[in-house]
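> have a look; sequence and predicted model below, questions after that.
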Amino acid sequence: MSNKFEINSIVTGKIIDIKPFGAFVALDEETKGLVHISQVSHGFVKDINEHLTIGQEVKVKILSIDESTGKISLSIRDANPESKRPERKPYVKHQDQPKHQNNSNNNNTNNNVCLEDKLKEWLKQSNERQADLNKRNNRK
């Protein structure tokens, strides 16, 4: 087995089985290895099925080979540089965002209203309701 594959080499394999803890990858007709769920992606993987499918071809790095048991540990994460990760949108601080936007495409939704404005509106409505209830109670 060590003649075919070397530790730290990157090879292409095919996903043949998926379990909650990882995925089994066929490296050739006779050899298979395991990609642990922690080695699937650079980010946190909650459900491995959202990242891999049976039959999918993947590049894997061989992490270790146990000669006595024949077990091979693989990593998709290490075979694919972190730079290939999808870029995250930068976090924009609340102060940098405009409080109100007059957008004709808004269609009366509150998609562009910040939490602070929603809270102020809620408090205003709550105070109005409370005042109305107090008026009703004073009449009785």
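Received the coordinates, thanks. Numbers count the residues shown, from 1 in each chain.
> please make it C-alpha for all contacts and neighbour counts, starting now.
Noted.
> which ones are touching Asp28?
Asp28 sits next to Gly13 when contact means CA atoms under 8 Å, 6 or more residues apart in numbering.
> the chain should start at 311 in everything you say after this.
In the new count, where the first residue is 311, that last one comes out as Asp338.
> ok but it is inside a strand, no?
No - judged by DSSP: H, G, I helix; E, B strand; the rest coil, Asp338 forms no part of a strand; its state is coil.
> got phi/psi on it?
phi -160, psi -170 (degrees, to the nearest 10).
> do the same with the one 3 residues further on
Dihedral angles of Thr341 (phi, psi; degrees, to the nearest 10) stand at phi -120, psi 130.
> neighbours around it, how many?
The number of residues packed near Thr341 is 15, by other CA atoms under 10 Å.
> for Gly380, see how far away it is.
9 Å (CA to CA, to the nearest Å).
> mean pLDDT per helix and strand in this structure: which one sits at the bottom?
Sorting the helices and strands of the chain by mean pLDDT, DSSP states H and E puts helix 425-449 at the bottom, at a mean of 87.
> and that one, which residues are buried?
Within helix 425-449, no residue qualifies as buried by neighbour count (16 or more other CA atoms under 10 Å).
> ditto for stretch 349-369
Buried, per 16+ other CA under 10 Å, within stretch 349-369: Gln349, Val350, Ser351, His352, Ile358, Leu362, Val368, Lys369.
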